[in-house]
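Engineer: Show me the folded form of this:
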Amino acid sequence: MTIKRYIILALSALTMAGCSNDDDASLVQERLPLTFETSLSGSSLVTRAAGSTIEADDKLLCYVRHIADQQADPVQSKLVTIINDAPTEPLYWDDFSESTADGAKDLRTSGHGLQSFYGYCYNGGTPTTALDEATGVLGWTTTADQTTAEALKENDLLWSDAQSMITYHHAKDKHGTLTVPFYHAMSKFTIVVVLDKGFQADDLATTTVTLAGMNLNGTFTAPDSTVTATGTTSVKMYANAASTTEAGKPCRTYEAVAVPLTALTDGKLLATIQSVDGNDYEVVLNSDVLNSWQDGIKNDASISGVNYKLTVTLNKQAISLVATLADWTDVSAETIGEINFTADVKTINKTNNASLKAGDSFSLWRSTDNTDFDTMATTATYDGSKFVNSPVIYWPNGSTNYYFRALAQKTNEKTLEAVTTMEAHQGTDLLWATTAAHTGTEADGTTTHDYAEGDAINPRTGDVPLVFKHVMSNVKVELKTSDDASAVDLTDATVTITNLKNKGTVSLATGVVTAGTTKATIPVEDETIMVPQHITDASRLVITLKDGTTYSVQLNLCEDDTQQVITNWLGGNKYTYTITLTKEAIQFRALIKDWTENTGSGNATLDWD
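Structural biologist: Got it, this is the predicted structure:
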């Protein structure tokens, strides 16, 4: 409690002397000055709007009146102004007494005295309805803009209620003092904004906090400390200097005062916090906060003289992801602020793919430019129910939309395994992701937003859906033979394709693989992952049987089901070549020649047994 004493030092004395005999003593009557003792006090958690004491130049109003036999005397009363440590005019106890012949209003009479009926301190402000001196009633309005220390102070009305009568004592050591304790007539709100995950130290530099639904007009009756209120208004709060918490987190305290009886109920929007590194937040009261404030709440409303303090810890909204796999083809309390996104999507019509397993992962890029994905943003790892980002990434504000792209590879052990390079290699089942076509629903459960595949996604508290697609080509060769004597033994037959490009680069923007220049002969075993490419005349599909017999087919002469030759392998497509082999039939050709005629002459001898 801060005590200031205001004492009128000027004295005047009247000496009344008379002698009746030697035993008479002289009787001295002094015209005694009034002594005031004022304080700024209260049993509630109270701080003055600007400073915590009654200052030397504060203008204090005190209505002093004569009390006779416990009844107020309306004749002898006066509104006393105290400023700069003294009343503005000399005042004496007897100024409030009418010493008439019957002595009915003589302060020296038993049962008479002075009372401080009420008091006010305007702090430089002005009542909206002039003070009624006889009743102590005035009107006061909540100032909508309290962004300066001066405005905050001028809005903070102080009052004092009716005090007990002080009896006049003529004895010099019992002069009596009028004690005038001042209290806060208004309610105060203090919001401490603390920055946590995702923010930098100077992100509160331009932040503003605005109270919502504060009472606008109040009628104050100081003698019995009662208030009535009408109307509502928003209040821009005063921002103290930025500082840090004991834990080293950036913070800033915002203050404002308002007419009491402001509704404080579960679900009420208390304040908006704007421009925190581009983000806007809403502070909504909940049962935890209200329970912490319960000593300062009456009938679900604020009361005079209570400072409602709330610590709001802000986190940027962490970006959460879901993935599917496409087949081939603060009285003190604490609360957490939630980012206030425009068209905030809370839920989407997508869920994580059922084939995902704990430990599956992918690399994620994001950019405001669909053609420029420079630095990888995070690695997302599936924990069995959701993806967890390392490092955590946030929506930087409530208005910047992002394109998202991701890369992973599919292995025998994992559905998704993060890769950090855009290189595409023959044999690696590279997966590329973009945002899936989806419908998002806002918190009201009815407002929806439709997004096309690959769209930039607006900031949201819901998930970002990603759909993973194969960017390589899948090639399969099936060998068949006849069921007659021309059948070929396909046991241990091998298949290769010559002159294929075996490396390439995937575009993060489009998911299209561009083949490189190196070539190789690629063995094909069941389904084989190939680099998408144009098939040239030089590429041949070669089948080698166990006995060494070979068959060869020019690859770009093979036709699909529509009799169109396949000259390009495209990403995400699976190509199945069915090759039927038969033995070459043995063919015979007959040539009949005439007898060779030989002619000539000589002797002949016959030999007999």
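
Engineer: which stretches of the stretch 301-450 of the chain have low pLDDT?
Structural biologist: 319-342 (pLDDT under 70).

Engineer: Count the residues that sit near D288.
Structural biologist: Applying other Cβ atoms under 10 Å, we find 12 residues neighbouring D288. C-betas here are computed from N, CA, C, even on glycine.

Engineer: Can you tell me the SS state at it?
Structural biologist: Under DSSP: H, G, I helix; E, B strand; the rest coil, D288 falls in the helix class.

Engineer: Tell me the confidence at it?
Structural biologist: pLDDT for D288: 86.

Engineer: Which residue, other than its chain neighbours, is closest to H470?
Structural biologist: In space, H470 comes closest to G572 once its chain neighbours are excluded; the distance is 4.7 Å by Cβ to Cβ, 6 or more residues apart in numbering.

Engineer: In this structure that neighbour contacts V471, no?
Structural biologist: Yes: look at G572 against V471 with Cβ atoms under 8 Å: they come within range, at 6.6 Å.

Engineer: So which of these two has more stuff around it?
Structural biologist: Using other Cβ under 10 Å, the more surrounded residue of G572 and V471 is V471, with 24 against 20.

Engineer: which residues does K298 bridge with?
Structural biologist: A301 (DSSP bridges).

Engineer: what's the neighbour count on it?
Structural biologist: 13.

Engineer: Report the contact partners of S363.
Structural biologist: The contact partners of S363, by Cβ atoms under 8 Å, 6 or more residues apart in numbering, come to M376, T378, T379, A380, A406, L407, A408, A418, V419, T420.

Engineer: could you point out which element follows the host helix or strand of it?
Structural biologist: Here S363, judged by DSSP states H and E, is contained in strand 361-367. Once strand 361-367 ends, the next helix or strand along the chain (criterion: DSSP H and E) is strand 378-382.

Engineer: Just the residues contacting that following strand, thanks.
Structural biologist: Counting by Cβ under 8 Å, 6+ apart, 321, 323, 352, 356-364, 387-393, 406, 416, 418 sit against strand 378-382.

Engineer: In PyMOL, how would I select just the buried ones from these?
Structural biologist: Listed next is the PyMOL selection for buried residues among those, using 16 or more other Cβ atoms under 10 Å:
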select buried, resi 321+323+352+356+360+361+362+363+364+387+388+389+393+406+416+418
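
Engineer: Now do the same for the residue nearest to T226 when sequence neighbours are not counted: helix, strand or coil?
Structural biologist: Using Cβ to Cβ, 6+ apart and skipping the chain neighbours, the partner closest in space to T226 is F220 (7.8 Å). Following three-state DSSP, we place F220 in the strand state.

Engineer: what's the weakest-modelled helix or strand in the protein?
Structural biologist: strand 12-16 (a mean of 28; mean pLDDT, DSSP states H and E).

Engineer: Now find how far off-centre the strand holding S363 is within its chain.
Structural biologist: In terms of Cα atoms, centre = their mean, to the nearest Å, the centre of strand 361-367 is found 22 Å from the chain centre.

Engineer: May I have the strands that pair with that strand, each with its orientation?
Structural biologist: Strand 361-367 is paired, per DSSP bridges, with strand 378-382 (antiparallel), strand 403-410 (antiparallel).

Engineer: just how off-centre is the first one within its chain?
Structural biologist: What it means is strand 378-382. 22 Å.

Engineer: how far out from the middle of the chain is the following helix or strand past that strand?
Structural biologist: Moving toward the C-terminus from strand 378-382, the next helix or strand (DSSP H and E) is strand 387-390. Chain-centre distance of strand 387-390: 18 Å, with Cα atoms, centre = their mean.

Engineer: Report all helices and strands that strand 387-390 contacts.
Structural biologist: strand 321-325, strand 378-382 (3 or more Cβ pairs under 8 Å, 6 or more residues apart in numbering; DSSP states H and E).

Engineer: can you list the residues that contact stretch 294-302?
Structural biologist: The contact list for stretch 294-302 (Cβ under 8 Å, 6+ apart) reads 44-45, 187, 258, 260-265, 290, 303, 306, 308, 331.

Engineer: Whichever of those residues end up buried, select them in ChimeraX.
Structural biologist: Per 16+ other Cβ under 10 Å, the buried members of the contacts of stretch 294-302 correspond to this ChimeraX selection:
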select :45,187,258,260,261,262,264,290,303,306,308,331
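
Engineer: out of the contacts of stretch 294-302, which are inside helices?
Structural biologist: L290 (DSSP state H).

Engineer: Okay, now the sheet partners of the host helix or strand of S39, with direction.
Structural biologist: For S39, the host element (DSSP H and E) is strand 35-40. Here strand 35-40 is paired, per DSSP bridges, with strand 2-7 (antiparallel), strand 178-184 (parallel).

Engineer: what comes up buried for that strand?
Structural biologist: Along strand 35-40, these residues count as buried under the neighbour rule (16+ other Cβ under 10 Å): T35, F36, T38, S39, L40.

Engineer: And stretch 247-255, by the same measure?
Structural biologist: Buried, per 16+ other Cβ under 10 Å, within stretch 247-255: K249, P250, C251, R252, T253, Y254, E255.

Engineer: same thing with stretch 416-434?
Structural biologist: Neighbour counts over stretch 416-434 (16+ other Cβ under 10 Å) mark 416-419, 422, 424, 426, 429-434 as buried.

Engineer: And stretch 453-469, by the same measure?
Structural biologist: Result for stretch 453-469 [16+ other Cβ under 10 Å]: buried residues 454-469.

Engineer: do stretch 208-216 as well
Structural biologist: Buried-residue list, stretch 208-216, by 16+ other Cβ under 10 Å: V209, T210, L211, A212, G213, M214, N215, L216.

Engineer: Got the domain ranges for the chain?
Structural biologist: 2-16+27-313, 339-470, 473-581 (automatic domain parsing).

Engineer: rank those domains by pLDDT, which is bottom?
Structural biologist: What stands lowest among the domains of the chain, in mean pLDDT terms, is domain 2-16+27-313, with a mean of 82.

Engineer: What separation do you get for M237 and G136?
Structural biologist: 30 Å (Cβ to Cβ, to the nearest Å).

Engineer: Could you do D202 as well?
Structural biologist: 48 Å.

Engineer: So for the two, which residue has more residues nearby?
Structural biologist: Neighbours around D202 and G136, counted as other Cβ under 10 Å, are more numerous at G136. The numbers are 23 against 11.
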